[in-house]
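Undergrad: next one to model:
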Amino acid sequence: MKKRLMALALCAALGLSLLPVTVLAAEGDDVVRQAAELVRDNISQPDSAVAAPASGKTYPAAFDLRAADLNGDGEPENYVTPVKFQNPFGTCWGFAAIAAAETSILSEMGTPYDDQAPLDLSERHLAWFAGTPLPESHSTQGGEGIYQPGAEESSAAHFAGGNALTATSIFSSTVGPVPEALAPYRGKEGKIDYYQTGEPAQYSADDD
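TA: Below is the predicted model:
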């Protein structure tokens with residue numbers, strides 16, 4: 001309930017910020033009162049029919065892109081790409097950003113995920129650029145970026161965790177994302193770590 005109240009209050013506040021200054025000045029406390037009433041009225045409604053303050057529409061009782069009818073043919077289809085294996089690097093943030101991008105692209109295109117011709121973008125590409133500063137030879141921004149300790153000795157330093165906030169910057173800097181086939185999630189040599197049983201476990205972090 002607290003989270004819902006916060007979300008509705010935020011919607012109301014954002015809605016107020018879009019009003020012309022003259023309206024705010026003219027209405028004064030009335031505008032604030034109306035916003036409070038809007039939040040109160042929304043909280044009193046059932047979850048399945050909460051009014052969207054910005055649009056006047058109602059939210060559906062449930063919305064799941066794994067079974068959504070985006071083309072209106074009455075058949076729910078999957079627009080969410082599958083879970084992937086992130087070992088051996090701490091790049092969960094990159095996998096989350098790439099998964100969100102893949103699902104966004106599929107849903108915007110109205111194209112369900114297809115195992116036969118899947119949309120698969122590169123997490124390694126995103127993670128590498130997040131931890132690699134621009135070269136000094138860059139015409140205007142040479143040297144800018146994140147410097148990872150130990151990056152000179154090990155590729156693993158390029159795949160450190162906690163870079164979620166850089167994902168949108170990378171996406172908007174015209175360097176990505178790119179298909180998985182162009183930058184697969186492994187080292188250049190494709191080294192593999194094995195279990196004690198001899199079975200392959202994962203691609204190795206000790207690689208180029």
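
Undergrad: and this structure, what are its domains?
TA: Following automatic domain parsing, one finds the domains of the chain at 2-49, 92-203.

Undergrad: worst average pLDDT in these?
TA: Per-stretch mean pLDDT for the domains of the chain is lowest at domain 2-49 (a mean of 48).

Undergrad: measure how buried Glu102 is and give me the count.
TA: Using other C-beta atoms under 10 Å, Glu102 is surrounded by 20 other residues. C-beta here means a position set from N, CA and C on the backbone, and glycine is covered the same way.

Undergrad: same check on Pro179?
TA: When neighbours are counted by other C-beta under 10 Å, Pro179 comes out with 12.

Undergrad: what ranges do the strands span in the chain?
TA: In the chain, the strands defined using DSSP state E lie at 192-194, 200-203.

Undergrad: my read is that Ile98 contacts Pro179, right?
TA: No - counting by C-beta atoms under 8 Å, Ile98 does not reach Pro179; the two are 11.1 Å apart.

Undergrad: who touches both of those two?
TA: Taking C-beta atoms under 8 Å, 6 or more residues apart in numbering as the contact rule, Ile98 and Pro179 both touch 121-122.

Undergrad: just give the closest residue to Asp69, not the sequence neighbours.
TA: In this structure, Asp69 finds its nearest non-sequential neighbour in Pro76, 5.2 Å apart by C-beta to C-beta, 6 or more residues apart in numbering.

Undergrad: check that neighbour and give its pLDDT.
TA: For Pro76, the pLDDT comes out at 89.

Undergrad: how far away is the residue nearest to Gln202 when sequence neighbours are not counted from Asp206?
TA: Take Gln202 and drop its neighbours on the chain: the residue closest to it by C-beta to C-beta, 6+ apart is Asn87, 4.3 Å away. According to C-beta to C-beta, to the nearest Å, Asn87 stands 13 Å off from Asp206.

Undergrad: what does Pro82 give?
TA: Pro82 sits at a distance of 27 Å from Asp206 (criterion: C-beta to C-beta).

Undergrad: check Leu119 too.
TA: As judged by C-beta to C-beta, Leu119 and Asp206 stand 30 Å apart.

Undergrad: next one: Thr81
TA: 29 Å.

Undergrad: for these two, indicate the residue with more neighbours.
TA: Higher neighbour count among Thr81 and Asp206: Thr81, with 19 against 13, using other C-beta under 10 Å.

Undergrad: correct me, but that one touches Thr103?
TA: Yes - assessed by C-beta under 8 Å, Thr81 is found in contact with Thr103 at 6.2 Å.

Undergrad: how about the helices of this structure, start to end?
TA: 2-17, 21-27, 29-43, 92-109, 123-130, 167-171 (DSSP state H).
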